[in-house]
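Student: the following block contains a protein sequence and its predicted model.
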Amino acid sequence: MTQWRLILGIARTHLLTKMKSTVTASLGVTFGIGAYITLVSFMTGLNKMLDDLVLNQTPHIHLYNEIKPSDTQPIERLAEFRGDLLAIQSVRPKQEQLKIHNALPILEQLRHDSRVLGATPRLRAQIFYLSGSQDLGGVLMGVDILEEDRLSSLGDYIVEGSPQALHNSDNGIILGIGLARTLSLSVGDRVQVSTPAGGNFPLKIVGFYQSGLADIDNSQSFAELQTVQRILGQPKDYITDINLKLHQIEQAVPMARELQNRLGIRARDIIEANAQFETGTSIRNLITYAVSITLLIVAGFGIYNILNMMIYEKMNDIAILKATGFTGGDVKNVFMSQAMLIGLLGGLMGLLIGLLLSRFIDTLPFETEALPTIKTFPVNHNPWYYLIGITFALISTFIAGYLPSSRARRLDPVQIIRGN
Amino acid sequence: MTPVLECSHIDKFFTKPVNFHVVKDISFKIAPGEFASIMGKSGSGKSTLLYILSTMDTEYEGSLFLKGERITGKSRNYLSLVRSQHIGFVFQFHYLLGDFSVLDNIMLPARKLARKSPEEIRHDAHEKLKLLNIGHLAEKRANRISGGEKQRVAIARALINDPSILMGDEPTGNLDSYNSENVFQIFRQLKEEKGISLLVVTHDLDFAERTDRILEMEDGRMVSGHQ
């Protein structure tokens, strides 16, 4: 039977009378945990920003018709040549339409799939931007702008104007910011575009788009799907790409494989599209945790030292407690609870300092071309990290306190009493 | 009548720094209400014997009985319980927990034993302080009072669980003659009024001569007083 009130009372008196040691030991934990919270919030905030950079602009699954040679050449189908060594030279890509066959029913079906958060049609058109005698080659992307905004936060990258403005305009265009600079255009101006098939169309500029990638900003613009279909002279079911956003990104790979088999068109998943993305994320996380754990281990050693010192100072008390009927376990509990109180106190202070520091970092200005919506350093205020922080504080103080406390448990009172 | 304390054929060896037979074949009994003292030169083994009798030292040969119960070979946790119930201890130097108040010091063994409610324990502690004429010290911090006062507080603490026997390792060794006399009178009073047995190791011949019985030790053997 352990009388925790009594044990905690003794521990509390020890801690209060040795205020200096208590504060020093707690500060060790405080700085360890505070630094951990700050570091992990900041690093994962940055990580998330970098991930979003990729994730927002890449659909989880991208469906399109791939231009490639046929897998089975006609000669391979002939029975009389089966088993012979066939060599075909100058293989050419199969002639194929860019449009996805039966795009509208496919789109409708995908939207009803339980795994799919949203499916958006796109029409990619090669066009020229005309400016006086100059033709600038580029891409005009026909999109369902409101749906795109909902699924891929396209709105974040529209630096002037709004998705709504494009939706309301029958012949509007959101111009890449690089193009706008080259052509010296501003919102409200008109820009002439022409298709390879010929024909000029004036479009009204309702906004600018900035992805942060110069190549895209210098060539790509957005318009409503119907506008682009009209420019190309194509019917309403003329769609070249379908982008899928899933509820869970983990399902992208199996689902892409399934769609490719079922629909007979190319389905590219996000992992395939950004192989380097996962590697970078996991390595950055690894570094964050390596540094944090180092900090906490250093704090743990501090606690170990101070508890050891405290036990040396309290030898006399240990002997008296044992002589008056306290068991070794009681004495151990006294010192363990001191360690845990230091861990709890220091840990909570550390959480507070971590919170304040990460809030402060959150207010520091940070402007980047790549993410026009971000004005301050990105910080991830995830409560989960605070839980990990306090848990680690308690675990590390437990381990740091365990050895000195066990020594106190084993100390022979007779030796202490007779030693002096 | 069952003796409060009985030991038979106690032997104790030190192995460090060299092999040494420090307590040799000691047997004696302490009756209820008896005030006995152990005398002997330094190194005669008297303190070692006392720590064996106090149950704190468990590495010995022979048997130890407390109120007729054999307690040799019991677990350390059981011995802790035995100590807090039956044995009060007063040391030469190691008096009190310096960071705690006098009252807290006295109450600690009783709170550990937890046989009484906190209010009763507080009441008892005040009673013991009054018994020893140091009621006014209750709220002081233990390291702020004088040596003689500390020893009296230590006695009060030893009495808090109403032990059957009080043991002292040179309880007056560090006190001036006035305070020594004071402690002796307290012991005498405990024996007469409460019927507590006392066993005190001392160098002080005057002190020893006024006890009921002197157990004399020489080179680990008990040479007189044990029959």
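Tutor: Thanks, I have the structure now.
Student: A:Gly233: what's it in contact with?
Tutor: By CB atoms under 8 Å, 6 or more residues apart in numbering or on different chains, the residues touching A:Gly233 are A:197, A:199. For glycine as for every other residue, the C-beta is placed from the backbone atoms N, C-alpha and C.
Student: what segments of the stretch 101-250 of chain A are strands?
Tutor: A:116-131, A:134-143, A:158-160, A:172-176, A:190-194, A:200-209, A:220-224, A:241-246 (DSSP state E, counting those that start in this stretch).
Student: distance of the one residue in chain A that gets nearest to chain B relative to B:Leu49?
Tutor: Taking CB to the nearest CB, chain B has its nearest neighbour within chain A at A:Gly325, 2.4 Å off. Applying CB to CB, to the nearest Å, the value for A:Gly325 to B:Leu49 is 21 Å.
Student: quick one: which of these two has more around it?
Tutor: Neighbour count, other CB atoms under 10 Å in any protein chain shown: between A:Gly325 and B:Leu49, B:Leu49 has more, with 27 against 23.
Student: give me the neighbour count for A:Ile177.
Tutor: Counted with other CB under 10 Å, the neighbours of A:Ile177 add up to 24.
Student: I meant to write B:Arg115 there.
Tutor: B:Arg115 is flanked by 13 other residues according to other CB under 10 Å.
Student: for the one 3 residues further on, same thing?
Tutor: Applying the criterion other CB under 10 Å, we find 13 residues in the vicinity of B:Pro118.
Student: now it: how far from B:Met107?
Tutor: Distance from B:Pro118 to B:Met107, counting by CB to CB: 8 Å.
Student: excluding its backbone neighbours, what's nearest A:Phe81?
Tutor: Distances taken as CB to CB, 6 or more residues apart in numbering or on different chains put A:Ile75 closest to A:Phe81, at 6.1 Å, once the chain neighbours are dropped.
Student: so what's the one you found up against?
Tutor: Listed by CB under 8 Å, 6+ apart, the contact set of A:Ile75 reads A:81, A:86, A:88.
Student: please narrow the residues you listed to those residing in strands.
Tutor: Of the contacts of A:Ile75, none are assigned to strands by DSSP state E.
Student: any of those buried? List them.
Tutor: Buried members of the contacts of A:Ile75, scored by 16 or more other CB atoms under 10 Å in any protein chain shown: none.
Student: can you list the residues of chain B near chain A?
Tutor: With CB under 8 Å from any CB of the partner chain as the criterion, chain B comes near chain A at residues B:47, B:51, B:54, B:56-57, B:76-77, B:80-81, B:83-85, B:89, B:91, B:93-100, B:104, B:108-109, B:111-114, B:157-158, B:161, B:169.
Student: packing partners of the one helix or strand B:Gly62 maps to?
Tutor: Per DSSP states H and E: B:Gly62 is located in strand B:61-66. With contacts taken as 3 or more CB pairs under 8 Å, 6 or more residues apart in numbering or on different chains; DSSP states H and E, strand B:61-66 sits against strand B:5-14, strand B:20-30.
Student: now the angle from the last one to strand B:5-14?
Tutor: Which is strand B:20-30. 180 degrees (axes from the mean of the first three to the mean of the last three CA atoms, to 10 degrees).
Student: report pLDDT for the closest residue to B:Asp57 other than its chain neighbours.
Tutor: Sequence neighbours aside, B:Tyr51 is the residue nearest to B:Asp57 in space, at 4.2 Å (criterion: CB to CB, 6+ apart). Note on B:Tyr51: pLDDT of 88.
Student: can you list contacts of the helix or strand where B:Tyr51 lies?
Tutor: Taking DSSP H and E as the definition, one finds B:Tyr51 inside helix B:46-53. By CB under 8 Å, 6+ apart, the residues outside helix B:46-53 that reach it are A:414, A:417-418, B:5, B:7, B:10, B:12, B:22-23, B:26, B:38-40, B:57, B:60, B:64, B:167, B:169-170, B:199, B:201, B:217.
Student: and if we set it to 7 Å?
Tutor: Helix B:46-53 has contacts (CB atoms under 7 Å, 6 or more residues apart in numbering or on different chains) with A:414, A:418, B:5, B:7, B:10, B:12, B:22-23, B:26, B:38, B:40, B:57, B:60, B:64, B:167, B:169, B:199, B:201, B:217.
Student: just stretch A:118-136 next, same as before
Tutor: Residues outside stretch A:118-136 that contact it (CB under 7 Å, 6+ apart): A:103, A:107, A:110-111, A:137-144, A:147-148, A:150-151, A:179, A:182-183, A:191-196, A:200, A:225, A:228-229, A:231-232, A:238-245.
Student: try stretch A:403-415
Tutor: For stretch A:403-415, contacts defined as CB under 7 Å, 6+ apart pick out A:304, A:307-308, A:311, A:318-319, A:322-323, A:328-329, A:331-332, A:335-336, A:339, B:51, B:56-57.
Student: hey, what's A:Ile242 bridged with?
Tutor: With DSSP bridges applied, A:Ile242 shows beta-bridge pairing to A:Leu63, A:Pro121.
Student: can you pull the contacts of it?
Tutor: Residues in contact with A:Ile242 (CB under 7 Å, 6+ apart) are A:63, A:100, A:103, A:106-107, A:119, A:121.
Student: save those residues as TSV, and put in pLDDT and neighbour count too.
Tutor: Conversion of the contacts of A:Ile242 to TSV gives the following (pLDDT from 0 to 100; neighbours: other CB atoms under 10 Å in any protein chain shown):
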residue	pLDDT	neighbour count
A:Leu63	89	27
A:Ile100	86	23
A:Ala103	87	20
A:Ile106	90	20
A:Leu107	89	19
A:Ala119	90	24
A:Pro121	92	23
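Student: for stretch B:152-164, C-alpha coordinates in CSV please.
Tutor: Taking Å, rounded to 0.1, in the frame of the first residue of the first chain, the C-alpha atoms of stretch B:152-164 are listed here in CSV:
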residue,chain,number,x,y,z
ARG,B,152,13.8,15.9,22.3
VAL,B,153,11.9,16.3,19.0
ALA,B,154,13.5,13.1,17.8
ILE,B,155,12.3,11.3,21.0
ALA,B,156,8.8,12.7,20.4
ARG,B,157,9.0,11.3,16.9
ALA,B,158,10.2,7.9,18.2
LEU,B,159,7.1,7.8,20.5
ILE,B,160,4.4,8.8,18.0
ASN,B,161,3.4,5.3,17.1
ASP,B,162,3.5,4.2,20.8
PRO,B,163,6.3,1.7,20.3
SER,B,164,7.0,-1.2,22.7
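Student: buried sites along it?
Tutor: Neighbour-count burial for stretch B:152-164, with 16+ other CB under 10 Å as criterion, is recorded at B:152-161, B:163-164.
Student: center of chain B - which residue?
Tutor: Centroid-nearest residue in chain B: B:Met167, 1.6 Å away (criterion: CA atoms, centre = their mean).
Student: still on that earlier bit, out of the contacts of A:Ile75, the closest to B:Glu69 would be?
Tutor: A:Leu86 (101.7 Å; CB to CB).
Student: helix/strand/coil for the residue nearest to the closest one when sequence neighbours are not counted?
Tutor: Nearest residue to A:Leu86, sequence neighbours excluded (CB to CB, 6+ apart): A:Ile75, at 5.8 Å. Of the three states, A:Ile75 takes helix according to DSSP: H, G, I helix; E, B strand; the rest coil.
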